[in-house]
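1. Mind folding the following:
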Amino acid sequence: MPMNIAIDGPVGAGKSSIADQVAQRLHILHLDTGAMYRTVALYMLRNGIDPQDEQTVSAHCGEADVRVAYRDGAQRTMLGGEDVSDLIRTGEVSAAASAISKWSAVRRRMVAAQREIAATADMLIDGRDIGTVVFPDAELKLFMTADTAVRACRRYKELTGKGMSVTMEEVERNIRERDKADMSRAVSPLRQADDAIVLDNSHMSVDEQMAWFMNEFQLKMKN
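-> Here you go, the predicted model:
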């Protein structure tokens, strides 16, 4: 059976960035599940479907041909034959992803797809419900978090670095709204798995986080 490592945490906690590096260090693949939800959200927006309309989103979510490909070990997320890896990182898509991820039909489809992908190889998977719902039996479960202001600053730098026009206030407000939505939704809310190891990386460098991860991984493999 392939080995699965689950990483959960709120938006802006740095899950994807660290997960990429850890996966490279361990020579395994990294599955960014958030990118899959964002791709479904992009499909809805392109087709004029209100992400808040559960009935219509549920009826059409099966039409979104979400695929994951790996190039040089890095994930590229596809909508049909189109690489949308960069297009799904806008604020509009992020808000839509938060909305559609509330609906059980969307989550059922995504969970099934994520399990199918992770069954093919050793993989590190990050998201909101990986250790609690998608892979409750993962060999190692981690929960990453950080202060809201720190997460907002990281997200602001990421977005402005891509040339997007946003303010720090907008980004922080979006993060607070996303946290509330993720933690309060009825289906698979964001929460720490009982057996997850918690990392608050508010004041940690990337190198310090990497060292922490590798130490936890080595301890787990010894047990």
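2. Every contact and neighbour count from this point should use C-alpha atoms.
-> Noted.
3. In stretch 112-131, which residues are buried?
-> Of the residues in stretch 112-131, 113-114, 118, 122-131 count as buried by neighbour count, 16 or more other Cα atoms under 10 Å.
4. can you list the residues that contact that stretch?
-> Stretch 112-131 is contacted from outside by 1-10, 15-16, 19, 23, 28-34, 134-138, 141-142, 182, 188-193, 196, using Cα atoms under 8 Å, 6 or more residues apart in numbering.
5. Give me the subset of the residues you listed lying in helices.
-> 15-16, 19, 23, 33-34, 182 (DSSP state H).
6. Number of residues surrounding residue 72?
-> 6 (other Cα atoms under 10 Å).
7. wait, what's in contact with it?
-> No contacts exist for residue 72 under Cα under 8 Å, 6+ apart.
8. now it: how far from residue 30?
-> Going from residue 72 to residue 30 by Cα to Cα, to the nearest Å gives 12 Å.
9. just the ones in helices among the contacts of stretch 112-131 now: which is nearest residue 217?
-> Comparing the ones in helices among the contacts of stretch 112-131 against residue 217 with Cα to Cα places residue 23 closest, at 11.5 Å.
10. hang on, the closest one packs against residue 17?
-> No - contact status for residue 23 versus residue 17: not in contact, 10.2 Å apart, counting by Cα atoms under 8 Å.
11. Looking at these two, which is more packed in?
-> Counted by other Cα under 10 Å, residue 23 and residue 17 do not tie: residue 23 has more neighbours, with 20 against 11.
12. And the more buried one, how far from residue 130?
-> 16 Å.
13. cool, residue 189 as well?
-> Applying Cα to Cα to residue 189 and residue 130 gives a distance of 11 Å.
14. roughly how far is stretch 24-36 from the heart of the chain?
-> Chain-centre distance of stretch 24-36: 10 Å, with Cα atoms, centre = their mean, to the nearest Å.
15. Grab the CA positions of that stretch and hand them over as PDB.
-> Extracted as PDB, the C-alpha positions of stretch 24-36 are listed here (Å, rounded to 0.1, in the frame of the first residue of the first chain):
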ATOM      1  CA  GLN A  24      10.800  16.600  -2.800                       C
ATOM      2  CA  ARG A  25      13.000  15.700   0.100                       C
ATOM      3  CA  LEU A  26      11.200  12.400   0.600                       C
ATOM      4  CA  HIS A  27      11.000  11.700  -3.200                       C
ATOM      5  CA  ILE A  28       7.300  11.400  -3.200                       C
ATOM      6  CA  LEU A  29       4.500  13.300  -4.900                       C
ATOM      7  CA  HIS A  30       2.500  16.200  -3.400                       C
ATOM      8  CA  LEU A  31      -1.300  16.400  -4.000                       C
ATOM      9  CA  ASP A  32      -2.700  19.900  -3.400                       C
ATOM     10  CA  THR A  33      -6.400  19.100  -2.900                       C
ATOM     11  CA  GLY A  34      -7.300  22.800  -2.600                       C
ATOM     12  CA  ALA A  35      -6.300  23.200  -6.200                       C
ATOM     13  CA  MET A  36      -8.900  20.600  -7.200                       C
END
